[in-house]
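Engineer: quick one, structure for this:
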Amino acid sequence: MLDINSSSLATAIACLLVVIVLTLPSVSSIISHFREKDKQNLNNYTDKDGSATEETIAAFSTKLPKSLLIISTLLLEDCFNVVLWSFILIQANSTILSRNPTKAYANGVRAAVSSSFLFALCLYGDGLIVEDKSVQEDFRSSATFWLRLSQLSLALFAAISAISFPRRPHVTHNKHPVDGMLSVSALERYAFSWVGDILALASHKTRLELQDLPKMDHYTRAKDLSEAWEEREHTKALWIEIFLTHKSPFIIQWILTVFQAFGNFAPQFVTFQILKILERRKPGDEVPFEAWIWVATLFLVTLAAAWIESWMFWISWSELAIPIRSQLSAQIFQKAMRRKDVKGAARTGKKSTSTTSDAAQESIAPGTPEDEEEDADPKGKQSTVNLIVAGMLAMSLTIPLNIYFSKRYSAAQDRLMKIRDVKMAVVTEALQGIRQIKFSALEKNWGDKIGLVRKKELDEQWSVYLNDTMLLFCWITSPIALAAVALAVYAYIHGVLLPSVAFTAIGVFVNLEVTLSVIPELTTDLIDAYISVKRIERYLGGAEISESTSDAPNVSFEKASIAWPCAEGEDEMDGNERYVLRNVDVSFPKGELSIISGKTGTGKIHVPRGPKAADRHDHLANKDNWIIPSSIAFVAQIPWIENASIKDNILFGLPFDEDRYKKVIEYCALRKDLEMLGDGENTEIGANGINLSGGQRWRVTFARALYSRAGILVLDDIFSAVDAHVGRFIYEKGLTGELGDGTVESAGFLSDLKEAGTLEHIISHEETPEQIAEDESPILIVSRKDDAKKFVEEETRERGSVKGKVYGHYLNASGGWSFWTLVLIAFLGQQFLVTGRSWWVETLDIKL
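Structural biologist: Predicted structure coming up:
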C-alpha cells in the first residue's frame, strides 16, 4: 500500500468523522426495523401533499437501486478505506431494510453523501501521488492504479445508486396529480428531470392549459402556507418572522451561495494551475500526467458550479419567493377581512406584489468571494499588500457616490410607492362612480385629475430610474478600475506579466465584474423590500374588528356604545369629537320584523349586529336543517353582485333546492324580469351587475338573502331602489311571508291533520302505484338549448410563435428604430472590447 502523507491522513480523518455522523441515523433505522417500528403499508400511502392511487403504488419500486447499492458497497478495495466502506455498508443496509419509502429515501441520500466524500478523498489522495514524481511512473504502470481507479468507480456507482430511490408513490390532491418533485428520486429531483412529462406534453400539445399542470405540493399551496403562518405566535418583526417560517430553505440557499462563490472562481484557479504546468514544459516535452488531472478537474468544477447555481436559483424562487409571496398575499387578504373600516385611513391594498417580488430578488443575493492572489517570488507578501491597497483605493473612489445615490434612490422609491397608492385610490373612485361621472359630464375634470396623479407617478419613476442608473455606473466602474490598477501595479512591481497570471487575473476580474454589477440591483431590491416590509407590517398590525358578543337566544344590546371604527391610538379621543350612540339597550324579538328608523348618518346600520354562526356544512343542507338561527345575511344599500349568472348569484354556492328557489324568484318579483331576458335565469349579469337596472340588482341581492340559510336578515334601506307597488309585493310575500319568517305551510301532529281534513286532501293528490310506474318509464326527449350570451369576452391566447410585427410595435413604442440602432451599435462595441481583451492577453509578452 502506498504511503499517505499527513495532509492525506488529515483529510481521511475528516471524511471518516462526517461519514460516522451520517451513519448514526442509519443505525437508528436498522434498530427500528428489527423492533418492527418501521413498517408502513403502501396500499394507502398518504401525506400532506395528497394520497397515492392504486396505479402509482403499483408503479412504485426500489428493488433495482437497492440491489445496485448493496453490490457496490460489498466490493471493498484495500484496508485503508475499510472503515469508511463499513460505515457506508451500514447506511446501505438501513436503506434496504427500511419499509418506509421516505425514510429509505433519506437514508439513501446520506449514503450518497458519504460515498461522495469517499470519492473526493480517493481523488485527493491520487492527486497527491501524481504530484510525487518519484512514484508517478510506477503508479501509472502498477496494478495499484487500476485498483484505485476501480475504487473511485465503485464509490461513484454507490453514490448514484443511493440517490436512485423514488421518495414515494405519486400522489393526488382532489383527484388531480400533485407535482412530482417530492415523489421522484433524489437523482431526478436534483437533475430537474421530474418535469420531463409536462415538457413532453407541452411539445405534443403546443399550448398548455391550467388543467394540464399538476397541483402544487403543500409547501406551495396558499391554504397550507396560511395555516402554517397562523400556527405561529408572531412577536418579532415581520422580516424575522418570514425568516423563521422559511429558515430551512434560507439556510440551504446560503450554503449553496457559499459553494457557488468558490465554484465561480474554481475554474480560474484550475486554469492557473494548467497554465503554470504548460509554462514549465519545454518544447518537445510530453504533457505531464498532472495536467490531464487538472483538465478533468476543470470539467468537474465547471459542471458542479453550473449545477449549484441552477439549484440555488430554484431554491430562491420555488422554495422562497413563491411561498413567501403566497403567504403574504393570503395574510393581507385575511387582514382586509378583519381590519376596521377606518374612514380616511391610507389605502395600502397594493403592496403585496412589490414586497414579495422584492423578497424574491433579495433571496437570490449571491455571495461576493475574494479573488485569488499569486505569491510568485520572495516579494510576494509585499506585492500582495501593494495590490490590495491599490485595488481598494481604486474601488473606494466610487463609495461616496454610491452612498449618495443609494439614499436618493431610497427616498424616491418611498415617494413612488405612496403616489401609486394615491393613483390607485383615484382610479378606483372613478371606476366606481363612472355612471355619475358620465351623467354629470365630468369626464374632463376626472381625466385631468387622474392625469395629474399619473404625471407625479412618472416623475417619481424617472427619479428612481435615474438614481438606479447612477448606482449601476458606480458599481460597473469599480471592477474596471480595480482590474486596470491591479494589473498595472503587478506589472510594475514584477517587471513581467506572465500569460498564466494575465489569463487568470482577467478571468477573475470578469467574474468580479459580473458579481459587482449585480450588487446595485440587489441594493435597490433590498431597499424596496425594506420599505415594503415596513408598509405591510404596519398594515398587518392595524386595528381589527373586536368581537364583543356572546351567545343568546336573540339579538340584543345592553348598555352598548356604538361608533364609527377608528385606528389604534384614537380610541381615547375626546367624546365630543366623535359621534357615538351611547347606552343602547334594545332587544330584537326572534323571528319577527324589527325596524330601525332615523335620519341619514345617525348610525342605524351599526346597531343590528349579531353573533357569528357556527360551522355551516352547506354541502349537507336539506329542507329539514336549512335555516341556521345564528347565521346572518346582510343586504347592503349598494348591492353585492358577482360576475356570474342570475341563478349563480342567488344560490351563492348553496345546494339547489328547486321549491325554495322558485318561491324566492316569485316573492322577489323577478319572474317577469326573467321572462323578458333572453337567457332567463342563466343571463350573465356582468361586472358589478352592469346588465341589470338598480332595482333588479337590489332584488337579486335580496333573493340571495332569502334563499340563504341565515336565520337573521339585516337589510339596509331595502325599498329605496324599487317602485312602490313592487316594494309592497316584496314586503308582503318576501319580507313577512313564509321565507322571511322561516315558517312552513303546515305543521302539527298526524291527528291534527286528520281533524282538519288536510290529510285526506294530501292523499287525494297522490298517484297510484300504476301511475308512478308509468311516469318513471324512460322517455327520450330531444331538446336543444342555446348557451347563454357572454357579455364579458373571455381572454384568448395566440397560438404559435410571436409575430414580428408585435416586436416591431414594442420597438416603436420604446424609442423607435433610431434609438435601438444606437443601442445595437453600443452593444456590438462592448462585445468587441470584451473580445479584444482576450486577444490582448493572447499576444501578451510584456517585460518592463
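Engineer: top helix in this structure by residue count?
Structural biologist: helix 443-494 (DSSP state H).
Engineer: which strands or helices does it pack on?
Structural biologist: If contacts are counted by 3 or more CB pairs under 8 Å, 6 or more residues apart in numbering; DSSP states H and E, helix 443-494 sits against helix 380-396, helix 399-432, helix 499-540. Every residue, glycine included, has its C-beta placed from N, CA and C.
Engineer: what packs against the last one?
Structural biologist: Helices and strands touching helix 499-540, as assessed by 3+ CB pairs under 8 Å, 6+ apart, comprise helix 238-245, helix 247-280, helix 322-338, helix 352-363, helix 399-432, helix 443-494, helix 816-842.
Engineer: okay, those, which one's buried deepest?
Structural biologist: Ranked by mean neighbour count, the helices and strands packed on helix 499-540 are led by helix 352-363 with a mean of 20 (mean count of other CB atoms under 10 Å).
Engineer: contact partners for the residue lying closest to Pro166 once chain neighbours are set aside?
Structural biologist: Sequence neighbours aside, Ser185 is the residue nearest to Pro166 in space, at 5.1 Å (criterion: CB to CB, 6 or more residues apart in numbering). Shown in contact with Ser185 (CB atoms under 8 Å, 6 or more residues apart in numbering): Pro65, Tyr105, Ile163, Ser164, Phe165, Pro166, Arg167.
Engineer: quick one: the helices and strands packed on helix 499-540 as a markdown table, columns for mean pLDDT too.
Structural biologist: Below are those laid out as a markdown table (pLDDT from 0 to 100):
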| stretch | mean pLDDT |
| --- | --- |
| helix 238-245 | 87 |
| helix 247-280 | 84 |
| helix 322-338 | 85 |
| helix 352-363 | 41 |
| helix 399-432 | 85 |
| helix 443-494 | 82 |
| helix 816-842 | 80 |
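Engineer: of all those, which lies closest to Ala296?
Structural biologist: helix 247-280 (9.8 Å; CB to CB).
Engineer: pLDDT-wise, which helix or strand of this protein ranks last?
Structural biologist: One helix or strand of the chain scores below all others by mean pLDDT, DSSP states H and E: helix 352-363, with a mean of 41.
Engineer: from Thr683, how far out is Gly694?
Structural biologist: From Gly694 across to Thr683, the span is 16 Å (CB to CB, to the nearest Å).
Engineer: which one of these two has more residues nearby?
Structural biologist: More crowded of Gly694 and Thr683, by other CB atoms under 10 Å: Thr683, with 20 against 14.
Engineer: identify the spatial nearest neighbour of that one, chain neighbours not counted.
Structural biologist: Per CB to CB, 6+ apart, closest to Thr683 is Leu677, 4.5 Å.
Engineer: quick one, grab the pLDDT at the one you found.
Structural biologist: On pLDDT, Leu677 comes in at 79.
Engineer: isn't it up against Ile685?
Structural biologist: No - the criterion here is CB atoms under 8 Å, and Leu677 misses it with Ile685 at 10.3 Å.
Engineer: which residues do the two both contact?
Structural biologist: Counting by CB under 8 Å, 6+ apart, the residues touching both Leu677 and Ile685 are Ile646.
Engineer: neighbour count: those two, which is higher?
Structural biologist: Neighbours were tallied for Leu677 and for Ile685 using other CB under 10 Å; the higher tally belongs to Ile685 (22 against 18).
Engineer: any idea how far that one lies from Leu121?
Structural biologist: In terms of CB to CB, Ile685 sits 72 Å off from Leu121.
Engineer: residue contacts, Glu309?
Structural biologist: For Glu309, the contact set (CB under 8 Å, 6+ apart) comprises Gln260, Gly263.
Engineer: swap that for Trp307, sorry
Structural biologist: Tyr190.
Engineer: from Ser226, how far off is it?
Structural biologist: Trp307 is 33 Å from Ser226, where distance means CB to CB.
Engineer: likewise for His246?
Structural biologist: 14 Å.
Engineer: compare those two (neighbour count), which wins?
Structural biologist: Under the neighbour definition other CB under 10 Å, His246 and Ser226 were set side by side, and His246 has more, 21 against 17.
Engineer: now the more buried one: phi and psi?
Structural biologist: phi -120, psi 40 (degrees, to the nearest 10).
Engineer: tell me the secondary structure for the closest residue to it other than its chain neighbours?
Structural biologist: With CB to CB, 6+ apart as the criterion, His246 has its nearest non-adjacent residue at 6.1 Å, and that residue is Leu320. Using DSSP: H, G, I helix; E, B strand; the rest coil, the structure places Leu320 in helix.
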